[in-house]
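Asks: no sequence on this one, just coordinates:
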């Protein structure tokens, strides 16, 4: 497996690749969630290209950029284990030379939910993903349903800026107790970890209410908020029942396909999770 | 020469092209300025791809989108005359499906000069150029020095979003009396046309002042403004002495390479022109 650190070298390496190329883009700190991406990418492509770049522009002031879990050797080992051909692992200065100033703006969808709580986050995500798409020119790129709003924004970006890539959605991977696997779970103390499954449980309760016939978005949001409120160490950022395309809050009844999502703080960690109504 | 109207077909056509591909992107209304692009592109590429798309998003409310000169047959004939392989001429609905929402923002440089007078103009330009770059994936793309700020923004876009394209700058083509050739010159009455060369003359006078040793940006701007003010039917939008990278106004003395530019209204036309200090 080759590890490439410059844009120029990555571009040249790409030029000589033939067959269907799949990109698995990561921030590092890889875990079983990333393994699901690699497994799927291997199934549907001829050649896998990984990227390992802790993108600073998608972190806001005061967030966990400096402490974000990463271990380059073990990340590279995971890429290698699944037969990745080449990993693009540039330093910040390659992706953001001093002169850099052009940004990709996903529009209104970037200002709600995670975007409302993390100003600039999705402009950072969209811009770095556009750069990666231009450099690597994959035929396929995997993105996780765990970050549902990000996934939708990247699907929009791919469609609107006409990259012509197949975006492959990867289902959320969960611990046996239901907690969505995330790099940020490593921030949790033992007690916090024992409380963390409440997030997915609350979402499931909201979905059960909807399935039972009470489709009022307000009722679903209220139920989830109440459940989260029962854990004093959980601080809820938002509870949402949103249109899965626009990510705008649903008023009235929620239809099939609506996205239930939430963000909550637990100790040093800020966790997100979501389920679809179906 | 093939004319292609859908993104899908253009992408497929591109996939089978080998050799160095040059893109000459136009709004239509082609003239001797575009001929200079085609001549140069032919010299430096193996295959020429043209685009013919009157991009609505780079026109503001109240501008000349509806009246912009265009003649599809004569535009296509010009492409053909120079040996263009394929012209991409999509309808608006191909480039901007109803769902479209992602924009490319060039940053602060897009808010000065033309950007200050045409809000949203450069976001429209940058977004459509990013789309064209993604669809056509040229090795080379020509852009004119006549639109100096646009050229700089596209160079930034290409660098920042890492398209890896060689941007080939094409010198401004002028009428024998110095007027920069532009589609919008067709809006001029005979009298207005006789006044229009004052724009380039004023820029040349500004450059002469600088060459004579008076390098004060204020003095250069004042001289050009005074000269334009002598023509009662000319209404000046701006006169600028700017840094050629950032397009920020120069204070104090202008250095070699600074950009003298102006925009003025003359009857129904809004004309721009520029020269470099050298």
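Replies: Sure thing, it's come through. Computed from a prediction, not measured in an experiment: that's the story for all the values here.
Asks: which one is the residue in the stretch 151-278 of chain A positioned nearest to chain B nearest to, not counting chain neighbours?
Replies: Closest to chain B within the stretch 151-278 of chain A is residue A:160: 3.7 Å, counting by C-beta to the nearest C-beta. Using the backbone N, CA and C atoms, a C-beta is placed for each residue, glycine as well. Closest residue in space to residue A:160, ignoring its immediate chain neighbours: residue B:102 at 3.7 Å, by C-beta to C-beta, 6 or more residues apart in numbering or on different chains.
Asks: tell me the contacts of that neighbour?
Replies: Residues in contact with residue B:102 (C-beta atoms under 8 Å, 6 or more residues apart in numbering or on different chains) are A:104-107, A:126, A:156-157, A:159-161, B:127.
Asks: and the residues you listed, which two are the farthest apart?
Replies: Distances among those were taken as C-beta to C-beta; the most separated pair is A:105 and A:159, at 14.9 Å.
Asks: just the strands in the stretch 101-250 of chain A please.
Replies: With DSSP state E, counting those that start in this stretch, the ranges of strands along the stretch 101-250 of chain A come out as A:103-105, A:140-144, A:166-170, A:234-242.
Asks: got the angle between the third one and strand A:140-144?
Replies: Direction vectors for strand A:166-170 and strand A:140-144, defined by axes from the mean of the first three to the mean of the last three C-alpha atoms, to 10 degrees, enclose an angle of 30 degrees.
Asks: quick one: contacts of strand A:166-170?
Replies: For strand A:166-170, contacts defined as C-beta under 8 Å, 6+ apart pick out A:22, A:33, A:36-37, A:40-41, A:44, A:139-145, A:151, A:154-155, A:158.
Asks: select only the buried ones of those in ChimeraX?
Replies: To isolate the buried members of the contacts of strand A:166-170 in ChimeraX, using 16 or more other C-beta atoms under 10 Å in any protein chain shown:
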select /A:22,33,36,37,40,41,139,140,141,142,143,144,145,151,154,155,158
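Asks: in helices, which of the contacts of strand A:166-170 fall?
Replies: Under the assignment DSSP state H, those contribute A:33, A:36-37, A:40-41, A:44, A:151, A:154-155, A:158 to helices.
Asks: from the residues you listed, which are also near chain B?
Replies: Checked against chain B using C-beta under 8 Å from any C-beta of the partner chain, the ones in helices among the contacts of strand A:166-170 yield no neighbours at all.
Asks: residue numbers of chain A in contact with chain B?
Replies: Chain A comes close to chain B at residues A:7, A:11, A:97, A:99-109, A:126-127, A:130-131, A:134-135, A:137, A:156-157, A:159-164, A:245, as judged by C-beta under 8 Å from any C-beta.
Asks: point out where the stretch 1-150 of chain A drops to low pLDDT.
Replies: For the stretch 1-150 of chain A, no stretch is flagged by pLDDT under 70.
Asks: helices of that one, start to end?
Replies: A:7-15, A:32-44, A:72-81, A:92-95, A:114-117, A:121-136, A:148-160 (DSSP state H, counting those that start in this stretch).
Asks: and for the fourth one, what's in contact with it?
Replies: What that stands for is helix A:92-95. A:5-7, A:53, A:55-56, A:128, A:131.
Asks: next one: phi and psi at the residue of chain A most remote from its centre?
Replies: Using C-alpha atoms, centre = their mean, the residue of chain A lying farthest from its centre is residue A:213. It sits 30.6 Å away. Main-chain torsions, residue A:213, degrees, to the nearest 10: phi 110, psi -10.
Asks: stretch A:257-276: which residues count as buried?
Replies: Those would be A:258-264, A:266-267, A:269-275, for stretch A:257-276 by 16+ other C-beta under 10 Å.
Asks: need the max-distance pair from those residues.
Replies: Longest span within these, C-beta to C-beta: A:258 and A:267, 30.1 Å.
Asks: picking up where we left off before, from the buried residues of stretch A:257-276, which land in strands?
Replies: Of the positions in the buried residues of stretch A:257-276, A:259-264, A:266, A:269-275 sit in strands, assigned by DSSP state E.
Asks: what's the closest residue to residue A:197 other than its chain neighbours sitting at in phi/psi?
Replies: Nearest residue to residue A:197, sequence neighbours excluded (C-beta to C-beta, 6+ apart): residue A:177, at 4.4 Å. Note on residue A:177: backbone dihedrals following degrees, to the nearest 10 are phi -90, psi 10.
Asks: residue A:177: neighbour count?
Replies: By other C-beta atoms under 10 Å in any protein chain shown, the residues close to residue A:177 number 11.
Asks: ditto for residue A:123
Replies: Per other C-beta under 10 Å, the neighbour tally for residue A:123 reads 20.
Asks: name all residues that make contact with it.
Replies: Applying C-beta under 8 Å, 6+ apart, we find residue A:123 in contact with A:57, A:103-106, A:110.
Asks: what does residue A:74 give?
Replies: So residue A:74 contacts residue A:30 (C-beta under 8 Å, 6+ apart).
Asks: quick one on the thing from earlier: redo the contacts of residue B:102 as TSV? Include neighbour count.
Replies: Listed next are the contacts of residue B:102 as TSV, based on neighbours: other C-beta atoms under 10 Å in any protein chain shown:
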residue	neighbour count
A:104	28
A:105	19
A:106	24
A:107	16
A:126	28
A:156	21
A:157	25
A:159	17
A:160	25
A:161	25
B:127	27
